[in-house]
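**Student:** Mind folding the following:
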Amino acid sequence: MTLPPDLAAHPDRSRGRVFGEDDRAPRGQRDAYQRDRDRIVHSVAFRRLRHKTQVFVAPDGDHFRVRLTHSIEVAQIGRTMARILGLNEDLTEALCLAHDLGHPPFGHGGEDALTAALADAGGFDHNAHTLRLVTLLENPYPDFDGLNLSWEMLEGLAKHNGPVTNPGWAMREADAACGLELGSWPGLEAQVAAIADDIAYDNHDIDDGLRSGILDLDALLAVPFVARVWAGVEARHPTLDRERKIKALVRDGIGAMVGDVLAETRRRIAEAGVASIEEVRAAGRQLVGFSAAMEEEERALKRHLYAHLYDSAPLTPIRREAQRIVADLAATFRDRPDCLPQGWQRGDGETARLRGIADYIAGMTDRFAIAQHEALIGPVRLPDRF
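**Tutor:** Numbering: from 1, shown residues only. Okay, here's the model as predicted:
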């Protein structure tokens, strides 16, 4: 069952773009949200995601996920849910593809180091940096900075995890320029993109964790959600080999979470009685999400992944070395401004100078950050395995 049509974003009713564009330019038969999606796909920041950490730093294994493959997988899940619910598929897909653009090298470890390095200039937040990228730093067009995305796209990027009650400096700048109404919930497409992200990394990190040998299947089966899905796989395929059962576990895990979200979303929307996008924004609560039972299971799964994968003994020293790389680069560019490329040097005060350094480092891939450290500072000690 699809949702009422007035709950879906419609390109003809978009609030538009910050900068007017010359419609005489050849654009093809695409609506506003299709153009948003294509601008993301063609951006430099999107291409760089292929060499940015998802779980493993600069992985040498061809089968481990990186930010790019994760973003594509999120988009597949998000678009499927949007289609079933009758929401705008193109806007959902664009939000999914763009949601991680602002991540610096080395994932959350790199972000922690960059936040510390930028403490004197307001800190760093990857979600706000995504807005900074698409409104300022990407510059493929002759008449304006940024990608000039639709208002609905910018709102979704800013608020896909919910209202922003304490925005940092970068988010405040984006809000001042675009009027993002940070205190309200976003439209349903952004809420779908957020839950698709959770579903993708919950299940795909199981896959990568087991593939790496860091996660142990027997220990993982103590998690109620995993045990329940695994029991279903074994009931259907009792003679299947273990490796293929694991593939089925990941696939069925995604399906179970998606099915739960679809049913719960329909229930919440019926309960809230919303009939328009503006009523969705004013609802004061998340309308796309897990049921209470699934939410409890998902939290237990996350706790297991943090304890046994993200914060595991094999990955902890790698994360620390990655943080050292980012911290060293930030300190070097701060102390030796001549090492920073001219285009990233800001001449209007110390705060602007530090933010220029952060913009440069945040745009680096894992590989480029390692190469820059080795060229400017010294050797990097990362194991070959991950």
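**Student:** In space, what's closest to residue 211 - neighbours in sequence excluded?
**Tutor:** residue 63 (6.2 Å; C-beta to C-beta, 6 or more residues apart in numbering). C-beta coordinates here come from the backbone N, C-alpha and C atoms, glycine included.
**Student:** The one you found and residue 204 touch, don't they?
**Tutor:** No: using C-beta atoms under 8 Å, residue 63 makes no contact with residue 204, being 11.2 Å away.
**Student:** So if I had to pick from those two, which one is more boxed in?
**Tutor:** Counted by other C-beta atoms under 10 Å, residue 63 and residue 204 do not tie: residue 204 has more neighbours, with 21 against 10.
**Student:** Would you mind finding the longest helix in the protein?
**Tutor:** Using DSSP state H, we find that the single longest helix of the chain is helix 242-272.
**Student:** which secondary structure elements does that one contact?
**Tutor:** Contact here means 3 or more C-beta pairs under 8 Å, 6 or more residues apart in numbering; DSSP states H and E; on that basis helix 242-272 packs against helix 67-85, helix 188-212, helix 224-236, helix 292-305.
**Student:** who wins for proximity to residue 135 among those helices?
**Tutor:** Evaluated with C-beta to C-beta, these place helix 188-212 nearest to residue 135, the distance being 16.5 Å.
**Student:** going on from that closest one, what's the next piece of helix or strand?
**Tutor:** helix 217-220 (DSSP states H and E).
**Student:** Just the buried residues of that following helix, please?
**Tutor:** Residues of helix 217-220 classed as buried: residue 220 (neighbour count, 16 or more other C-beta atoms under 10 Å).
**Student:** Who are the contact partners of residue 73?
**Tutor:** 65, 200, 204 (C-beta atoms under 8 Å, 6 or more residues apart in numbering).
**Student:** Tell me the one of those residues nearest residue 265?
**Tutor:** Of all the contacts of residue 73, residue 265 sits closest to residue 200, with 17.1 Å by C-beta to C-beta.
**Student:** Pull the contacting residues for the closest one.
**Tutor:** Taking C-beta under 8 Å, 6+ apart, we find residue 200 in contact with 70, 73-74, 77, 254.
**Student:** and of the residues you listed, the nearest to residue 336?
**Tutor:** Relative to residue 336, the closest of the contacts of residue 200 is residue 70; by C-beta to C-beta it sits at 34.5 Å.
**Student:** Relative to residue 210, how far out is that closest one?
**Tutor:** Distance from residue 70 to residue 210, counting by C-beta to C-beta, to the nearest Å: 17 Å.
**Student:** Who has more neighbours out of these two?
**Tutor:** residue 70 (23 against 19).
**Student:** Residue 103 is in contact with the more buried one, correct?
**Tutor:** No: the pair residue 70 / residue 103 is not scored as a contact, 10.1 Å apart, by C-beta under 8 Å.
**Student:** what about residue 15, is that helix, strand or coil?
**Tutor:** Under DSSP: H, G, I helix; E, B strand; the rest coil, the three-state class of residue 15 is coil.
**Student:** burial count for it?
**Tutor:** 12.
**Student:** Give the full set of residues in contact with it.
**Tutor:** Going by C-beta under 8 Å, 6+ apart, the list of residues near residue 15 reads 150-152.
**Student:** pLDDT weak spots in this structure?
**Tutor:** Where the chain drops to pLDDT under 70, the residues are 23-27, 58-61, 384-386.
**Student:** Let me know the outermost residue of this protein.
**Tutor:** Distance to the chain centre peaks in the chain at residue 239, reaching 37.6 Å (criterion: C-alpha atoms, centre = their mean).
**Student:** can you tell me how far that one sits from residue 252?
**Tutor:** Taking C-beta to C-beta, one finds residue 239 at 17 Å from residue 252.
**Student:** pretty sure residue 42 is touching residue 140, no?
**Tutor:** Yes: Residue 42 lies in contact with residue 140 (C-beta under 8 Å); the separation is 7.5 Å.
**Student:** just the CA coordinates of the helix or strand where residue 129 lies, formatted as CSV?
**Tutor:** Using DSSP H and E, residue 129 falls within helix 126-132. Output of helix 126-132 as CSV, limited to C-alpha atoms (Å, rounded to 0.1, in the frame of the first residue of the first chain):
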residue,chain,number,x,y,z
HIS,A,126,30.8,15.5,8.5
ASN,A,127,27.1,16.1,8.0
ALA,A,128,27.6,19.9,8.0
HIS,A,129,30.6,19.5,5.8
THR,A,130,28.4,17.7,3.2
LEU,A,131,26.3,20.9,3.1
ARG,A,132,29.5,23.0,2.8
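**Student:** Report the buried residues of it.
**Tutor:** Quick answer for helix 126-132 (16+ other C-beta under 10 Å): 126-132.
**Student:** Tell me what angle the helix or strand just after it forms with helix 188-212.
**Tutor:** Under the assignment DSSP H and E, the closest C-terminal helix or strand after helix 126-132 is helix 151-159. Relative orientation of helix 151-159 versus helix 188-212 (axes from the mean of the first three to the mean of the last three C-alpha atoms, to 10 degrees): 50 degrees.
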